[in-house]
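Asker: Sequence first, then the predicted structure, then my questions.
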Amino acid sequence: MLALFGGFLGSAIALWAKDLFWAWIVGGTFDSTNAVLDLRVFAFTIALSLVIGIVFGIAPALRLVTANFGTSSFMMKSLLVTQVGVAIVLVVAAGLFASTLINLNSIDTGFNRRDLLLLQVDAELANIPET
């Protein structure tokens, strides 16, 4: 349950932070009416939260089984090592992502990014034939 709550909280923060990050990258305000998060990404986040919650929620049950039968706690130790390893990988990936965003903000793109107009053209709505 806690993992599922964490997944929903992370998704809510992503919805809020996308405008902040975009304004920081572009260097001004941003009209976020067309910027939406992909539902596939949201579904993946929730599914991953459920899987993580189930996998690491089994650990107390495994401890109970090993205590009753006197077997070794190899499974418990391997779950702990896996959890710590995944946490380290995620922290390193988040740090690399943040440093990449900082580096991208300082790159000279060759044109002025201020007062830039962004638009999207749908070829089907404009009746442009495919080539």
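Answerer: In hand now; what should we look at?
Asker: This structure: helices as residue ranges?
Answerer: 2-26, 39-57, 59-69, 74-106 (DSSP state H).
Asker: Contacts only, for residue 1.
Answerer: Residue 1 makes contacts with residue 53, as judged by C-beta atoms under 8 Å, 6 or more residues apart in numbering. C-beta coordinates here come from the backbone N, C-alpha and C atoms, glycine included.
Asker: That one and residue 86, how far apart?
Answerer: The gap separating residue 1 from residue 86 is 19 Å, by C-beta to C-beta, to the nearest Å.
Asker: Check residue 52 too.
Answerer: Taken as C-beta to C-beta, the span from residue 52 to residue 86 is 8 Å.
Asker: Between those two, which is the more surrounded one?
Answerer: residue 52 (17 against 12; other C-beta atoms under 10 Å).
Asker: Leaving out chain neighbours, which residue sits closest to that one?
Answerer: residue 3 (5.0 Å; C-beta to C-beta, 6 or more residues apart in numbering).
Asker: what about the one you found, distance to residue 130?
Answerer: 45 Å.
Asker: Neighbour count for these two, which is higher?
Answerer: For residue 3 versus residue 130, neighbours defined as other C-beta under 10 Å are more numerous around residue 3 (18 against 5).
Asker: can you pull the contacts of the more buried one?
Answerer: Going by C-beta under 8 Å, 6+ apart, the list of residues near residue 3 reads 49-50, 52-53, 56-57.
Asker: I'd like to know how far the residue nearest the centre of the chain sits from residue 99.
Answerer: Centroid-nearest residue in the chain, with C-alpha atoms, centre = their mean: residue 45, separated by 7.1 Å. Using C-beta to C-beta, we find residue 45 at a distance of 23 Å from residue 99.
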